[in-house]
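Participant: the following block contains a protein sequence and its predicted model.
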Amino acid sequence: MILVTQVETWLFMDRDRADAAEMPTILVEKDASGAKSFTTMRTLFQLKKWTGQHRFVPFLSCGEASYRAYEVFHVDAKPPFAILESGGVLMKDNERDEAYDSALQDAGVTTDRERIAFAVDYLERELGEQVILAIDEPVASHTRVPENLFVPGNVMQTSEQLFGWANREQTERGDAQ
């Protein structure tokens, strides 16, 4: 099982929410304007675990330049792949996957949903495993995590529930490494 997660809304929070958090947080995104996104230490440990097993793929709306600002994905929790621009770009080992670019262009997909579905199909072929989506916009053709895991506006509770569920699923499927 590969978990594709929309980190901007499911796992990461802004500075104000991080300052008000009741648990320790850590900076995960910093650009020229300064600190932008934070997550809990517990979530960071789960990201390290899941990326270390090559079972976590971040899903972001931003492009390559903004993706570089997510220090967590270049230092602490390097994912095998990252989906950017809502499926318009795929990073493999933090470099643009040009084979994906060609395949996407040849497929002639145009909408965000088509790009997301194409990216998920591509990942399933590349990794040889089922991809489960934890993203805001449903893609009918692909499996999603249970909807009740997402708590709007509360990334701490959402991340706790998401990784709790994912760890149980991984154990039940015998995917634990």
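Facilitator: Received it, and whenever you're ready, just let me know what you need.
Participant: report the central residue of this structure.
Facilitator: Pro58 (2.0 Å; C-alpha atoms, centre = their mean).
Participant: show me the contacts for it.
Facilitator: 4-5, 7, 70, 73, 79, 82-83 (C-beta atoms under 8 Å, 6 or more residues apart in numbering). In short, each C-beta sits where N, CA and C put it, glycine included.
Participant: tell me which residues are up against whichever strand or helix holds Asp16.
Facilitator: Under the criterion DSSP states H and E, the helix or strand holding Asp16 is helix 15-20. For helix 15-20, the surrounding residues in contact (C-beta under 8 Å, 6+ apart) are 25, 35-36, 38, 155.
Participant: buried residues, that helix. List them.
Facilitator: Using 16 or more other C-beta atoms under 10 Å as the test for burial, helix 15-20 gives 17-18.
Participant: same thing with stretch 3-17?
Facilitator: By 16+ other C-beta under 10 Å, the buried positions in stretch 3-17 come out as 3-13, 17.
Participant: filter the residues you listed down to the ones in helices?
Facilitator: 7-10, 17 (DSSP state H).
Participant: and which of these is nearest to Arg168?
Facilitator: Of all these, Trp10 has the smallest distance to Arg168: 17.3 Å, by C-beta to C-beta.
Participant: wait, what's in contact with that closest one?
Facilitator: Trp10 makes contact with 134-135, 150, 155, 158-159, 162 under the criterion C-beta under 8 Å, 6+ apart.
Participant: element containing the residue nearest to Phe81 when sequence neighbours are not counted?
Facilitator: Leaving aside its chain neighbours, Phe81 sits nearest to Val57 (4.8 Å; criterion: C-beta to C-beta, 6 or more residues apart in numbering). Here Val57 sits within strand 56-59, counting by DSSP H and E.
Participant: mind giving me the packing neighbours of the next helix or strand after that strand?
Facilitator: Where DSSP H and E defines the elements, the next helix or strand beyond strand 56-59 is helix 64-67. Here helix 64-67 touches strand 81-84, strand 89-92, going by 3 or more C-beta pairs under 8 Å, 6 or more residues apart in numbering; DSSP states H and E.
Participant: about what we covered before: between the buried residues of stretch 3-17, which sits nearest Asp106?
Facilitator: Checking the buried residues of stretch 3-17 against Asp106 with C-beta to C-beta, the nearest one is Val4 at 22.2 Å.
Participant: so which bits of the biggest helix by length in the chain are buried?
Facilitator: Taking DSSP H as the criterion, the chain has its longest helix at helix 155-173. For helix 155-173, burial by neighbour count (16+ other C-beta under 10 Å) applies to 155-156, 158-163, 165-166, 170.
Participant: just those now: which is nearest Glu114?
Facilitator: Leu162 (25.2 Å).
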